[in-house]
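Asker: Give me coordinates for this.
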Amino acid sequence: MQLHKIYTPKTASPFANSETYMEFPPCEALKPYIQCFWGSRLPYRQHRTEQPAETLVTPDTCVDIIFHVNFTDNRIASHFCGVDDRPFVSHAPVEENLLSTFAIRFYVWSAVLFAEDTMKDTRNKAFDLDCHFAGLKKALEPLLFDCVRIEDRIFAAERYLFEHLHLERQNPLVMEGLEQIMLHRGTLEIGHLSKEVHTSSRQLERLFLENMGISPKRLSSLIRYQYLWNDILCQPDFQVTEAVHKYGYVDQAHLLHEFKRFHGMNIAGAKSYAGKDLEKYRLPDNDIGTI
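Answerer: Okay, the predicted model is just below:
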């Protein structure tokens, strides 16, 4: 089963679309592995500010390769960001520069197919791209000053990714475990999960950590949160009491606590934060329920 067809993770700002942040789908052949390409369509002028712009980043069960290109100083900073299981706030630059951003967002299960190392010990960490993707860094960085349109960068990235896709690294136990987690919407206990895939809990945890950098238990919690977040966004008549039963929470307080732990704010605040981009681009309010 192609997991991307049954599971669609969302960020805290699923409607964001501006000169500094746009999302682009990959070509059809890479859709099982790449959630999206994102960044600025063209270089943009970052104006000096006393207070840096803040962006909420929530656990979306994806990992990112990010290139920050500074045309003013002729510098490129590139990083690999492992899977996160907690929210945090990122800060934009405050100096006046001509900048652009280009990034590749992999599903948590697919980055290892392109990497030069396992994903072990990458959770909640960021690395220089040399640590896990030195070849991709060497191939793409020299192009980023000349290829300023994001469409051209995507074309170059896809060509590299096609040539360096190692499907032989895809572990069948990990993929079967992921499928079971998603089919049960993150509610399957780990003991039951290991029985479903006919291996021990210890073996399954080791494989998940090597292939994704996160344990089955932690990932299940994030996937349940993501299904819940999708419901909150997509259902105009979303009811917490119904979600408690649907996703196996102990009670309403348990659901609200877990959501705030992963999102950094309560449900009302999360919907307001996500909806700010709809207001910015003057879309109808009810579009928040039709993503």
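Asker: Which of the three states applies to His68?
Answerer: What DSSP: H, G, I helix; E, B strand; the rest coil gives for His68 is strand.
Asker: Quick check: pLDDT value at it.
Answerer: With respect to pLDDT, His68 scores 96.
Asker: Can you name the helix or strand that the nearest residue to it once chain neighbours are set aside falls in?
Answerer: Leaving out its chain neighbours, the residue that sits closest to His68 by C-beta to C-beta, 6 or more residues apart in numbering is Ala77, at 4.6 Å. All C-beta spots, glycine's among them, are computed from the backbone N, C-alpha and C. Per DSSP states H and E, Ala77 falls inside strand 75-81.
Asker: Equivalent analysis for Cys36, please.
Answerer: strand 34-39.
Asker: same question, Ser194
Answerer: With DSSP H and E as the test, Ser194 turns up in helix 190-196.
Asker: do Ala134 as well
Answerer: Per DSSP H and E, Ala134 falls inside helix 130-140.
Asker: Check which residues of the following helix or strand past that helix are buried.
Answerer: In the C-terminal direction, the helix or strand that comes right after helix 130-140 (DSSP H and E) is helix 150-163. In terms of neighbour count (16 or more other C-beta atoms under 10 Å), helix 150-163 has its buried residues at Ile150, Arg153, Ile154, Ala157, Glu158, Tyr160, Leu161.
Asker: Please name the strands paired to the lengthiest strand in the chain in the sheet, noting orientation.
Answerer: Longest strand in the chain by number of residues (criterion: DSSP state E): strand 97-107. With DSSP bridges as the test, strand 97-107 is paired with strand 34-39 (antiparallel), strand 44-46 (antiparallel), strand 62-70 (antiparallel).
Asker: next SSE after it?
Answerer: strand 126-128.
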